[in-house]
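Trainee: Sequence and computational prediction follow.
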Amino acid sequence: MKRLAILGSTGSIGINTLHIVGQFPERFEVIGLSAGLNTQLLKQQILQFKPKIVSVLNKGLSETLRQELSNISVEIVHGVEGLIQVATHPEVDQVVSAMVGAAGLIPTLSAVKTGKTIALANKEPLVMAGKIVMEEAKKNQAHILPVDSEHSAIFQALLGHQKEDVHRLVLTASGGPFLNLPLAKLQDVTVKEALHHPHWEMGKKVTIDSASLMNKGLEVIEAHWLFNIPIEKIAVLIHPQSVIHSMVEYVDGSIVAQMGITDMKIPISYALSFPQRLPLNLPRLDLSRNEALSFFEPDPERFPCLKLAYQSIQIGETMPAILNAANEVAVNAFLEGSLKFTEIPVLLQRVMQEHEVKSVHTIEDILKVDHWARDRSKALLEGRKRC
């Protein structure tokens, strides 16, 4: 029996995780859950899985939920401290880090410091503070298992091989909904069009990042820290069919790839059950129905965000955190209709250019520049409105 805490239980990854838990009640027990504003779904999850502790966004939501569940024995906490309580609960064996954005950094790092196994779906802890997180993981013997389909694929392709035999990691990308759209039309795409991913069902922020290929850029940074591979040995290829989820090329020319249908339950279940596998009741990949698998280099003119991500990790120190924070503000502005899709990388580049890179020694160094980048991004957006 593995005892779980799920950070972000009402999001796409959290819902799929609980689906797996429901399928294998003899294997998993839910100790803690956290959610933001969606307390109605959280309430249903509490009633079904009976966790001992749950965390919500703020005090008001926690008080309301406490009243609604007055006859249920569950501790209800809130805010950052509440997230930390869920992530570090003494009865928890494994934490599923499935929050969206920078908010997942502190609770995930807190869990790492207590030596818990992390099923990592939240990219931002490693994007923002990869050096600190991995050092703490090593010091506290905390295992970090990837949940992203791409990193799960690389993790599987590396098993049984020597790191020194790796020639490069290859992250595959579908190319998103605008892969074949004429470049001149990109500036006029709508939020609805950007949220229509050809293969995956994901949250809004991740889906927009997929359309801009920023998601792949963040994955490159995450892979650098997760697998301790130099950035120059991590490549991205567009693979529109999304059959191969990523691959590893070795020094002898061999390429090991992981394939499967586009369903996040597969990498989630592997992170939960590793080193075993769970017998999932899912459709099988039928290669006879795939006429061709194609791969090509990303177009830098179509996907400038990918180049910015590479630049940020090559510069290093505080720059990836700057990129991440500015991107979160930019994506939110696009979703709200105050920024065009093609203006996202323009804003990111401006904020990166204005940032004075600083050395990273503590998590406070990261939080400070994260705050600066958000304020500067919002100020630049406000300036555009006044103009």
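Mentor: Thanks, I have it. Keep in mind it's a predicted model, so treat the numbers as computed, not measured. Residues are numbered from 1 along each chain as shown.
Trainee: in a strand, that's where Val236 is, yeah?
Mentor: Yes. Assessed by DSSP: H, G, I helix; E, B strand; the rest coil, Val236 belongs to a strand.
Trainee: Which residue, other than its chain neighbours, is closest to Ile244?
Mentor: Ala257 (4.7 Å; Cβ to Cβ, 6 or more residues apart in numbering). (Each C-beta comes from the backbone N, C-alpha and C, glycine too.)
Trainee: And Ala102, what's its pLDDT?
Mentor: pLDDT recorded at Ala102 is 89.
Trainee: no wait, Ser269
Mentor: pLDDT at Ser269 comes out at 98.
Trainee: Just give me the neighbour total for the residue nearest to Ile244.
Mentor: 19 (other Cβ atoms under 10 Å).
Trainee: who does the strand or helix carrying it pair up with?
Mentor: Using DSSP states H and E, Ala257 sits in strand 255-259. According to DSSP bridges, strand 255-259 forms sheet pairs with strand 244-250 (antiparallel).
Trainee: what's the strand it pairs with in contact with?
Mentor: If you take Cβ atoms under 8 Å, 6 or more residues apart in numbering as the criterion, strand 244-250 is touched by 149-154, 157-158, 161, 165-172, 255-260, 267, 293.
Trainee: Restricted to helices, list the residues you listed.
Mentor: Residues of these located in helices (DSSP state H): 149-154, 157-158, 267.
Trainee: Closest one to Arg3 out of those residues, please.
Mentor: Using Cβ to Cβ, Pro267 comes nearest to Arg3 of those, at 20.6 Å.
Trainee: That closest one and Ser149 touch, don't they?
Mentor: Yes. Counting by Cβ atoms under 8 Å, Pro267 sits close enough to Ser149 to count as a contact (5.0 Å).
Trainee: Report the separation between Leu65 and Asp252.
Mentor: Leu65 sits 57 Å away from Asp252, taking Cβ to Cβ, to the nearest Å as the criterion.
Trainee: The two - which one has more neighbours?
Mentor: Using other Cβ under 10 Å, the more surrounded residue of Leu65 and Asp252 is Leu65, with 22 against 7.
Trainee: so who does the more buried one touch?
Mentor: Taking Cβ under 8 Å, 6+ apart, one finds 39, 42-43, 54, 56, 76 in contact with Leu65.
Trainee: so where does it fall, helix or strand?
Mentor: Going by DSSP H and E, Leu65 is part of helix 59-68.
Trainee: list the helices and strands the longest helix anywhere in the chain packs on?
Mentor: Taking DSSP H as the criterion, the chain has its longest helix at helix 363-386. Helix 363-386 sits against helix 105-113, helix 124-140, helix 319-336, helix 344-354, with contacts defined as 3 or more Cβ pairs under 8 Å, 6 or more residues apart in numbering; DSSP states H and E.
Trainee: quick one: the longest one to helix 124-140, angle?
Mentor: Translated: helix 319-336. 140 degrees (axes from the mean of the first three to the mean of the last three Cα atoms, to 10 degrees).
Trainee: count of residues packed around the residue nearest to Gly175 when sequence neighbours are not counted?
Mentor: Distances taken as Cβ to Cβ, 6+ apart put Ile238 closest to Gly175, at 4.6 Å, once the chain neighbours are dropped. Here the number of neighbours of Ile238 (other Cβ under 10 Å) works out to 20.
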